[in-house]
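In: just coords:
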DNA sequence: GTTGAGCGTT
């Protein structure tokens, strides 16, 4: 409720999309506190999913309620646990 | 070298 909230899960972006690209894209919405793109633990290959943390909760509402397309792929957003 | 739903690391 007021501890780890601020973590937003985003999945669906292209495998060619990098953490830096996401950081740049999300910075346009507000102050990005944390952006991390997860990859496979065995082959180190990008899985196309990651987490993001914004400085203000209003950013989550805006991003989650809007559709985003990065690198030509539709990114699906959800609230992190 | 490939694929396309999902919940991670300081």
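Out: Yep, it's here. What you are looking at is a predicted structure, and each value in this text was computed from that prediction instead of being measured.
In: quick one: the lowest-mean-pLDDT helix or strand in chain A to chain centroid distance?
Out: Every helix and strand of chain A was ranked by mean pLDDT, DSSP states H and E. The lowest is helix A:57-64, at a mean of 89. Put simply, helix A:57-64 sits 11 Å off its chain's centre (CA atoms, centre = their mean, to the nearest Å).
In: then stretch A:28-48?
Out: 7 Å.
In: what is the mean pLDDT for that stretch?
Out: Across stretch A:28-48, pLDDT averages out at 88.
In: tell me which other helices or strands the helix or strand just after the least confident helix or strand of chain A touches.
Out: Downstream of helix A:57-64, the first helix or strand assigned by DSSP states H and E is strand A:68-70. Secondary-structure packing of strand A:68-70 (3 or more CB pairs under 8 Å, 6 or more residues apart in numbering; DSSP states H and E): helix A:19-27, strand A:73-79. Glycine gets a C-beta too; all of them are placed from N, C-alpha and C.
In: of those, which approaches DNA strand B most closely?
Out: Proximity to DNA strand B, assessed across the helices and strands packed on strand A:68-70 by CB to the nearest atom of the strand, is greatest for strand A:73-79 (4.3 Å).
In: the closest one pairs with which strands?
Out: strand A:7-11 (antiparallel), strand A:68-70 (antiparallel) (DSSP bridges).
In: so which of these gets nearest residue A:56?
Out: strand A:7-11 (12.0 Å; CB to CB).
In: for the residue nearest to residue A:45 when sequence neighbours are not counted, give the beta-bridge partners.
Out: Ranked by CB to CB, 6 or more residues apart in numbering and with sequence neighbours excluded, the top spatial neighbour of residue A:45 is residue A:39, at 6.0 Å. Beta-bridge pairing for residue A:39 (DSSP bridges): residue A:46.
In: neighbours of residue A:39, just the number please.
Out: Using other CB atoms under 10 Å, residue A:39 has 15 neighbouring residues.
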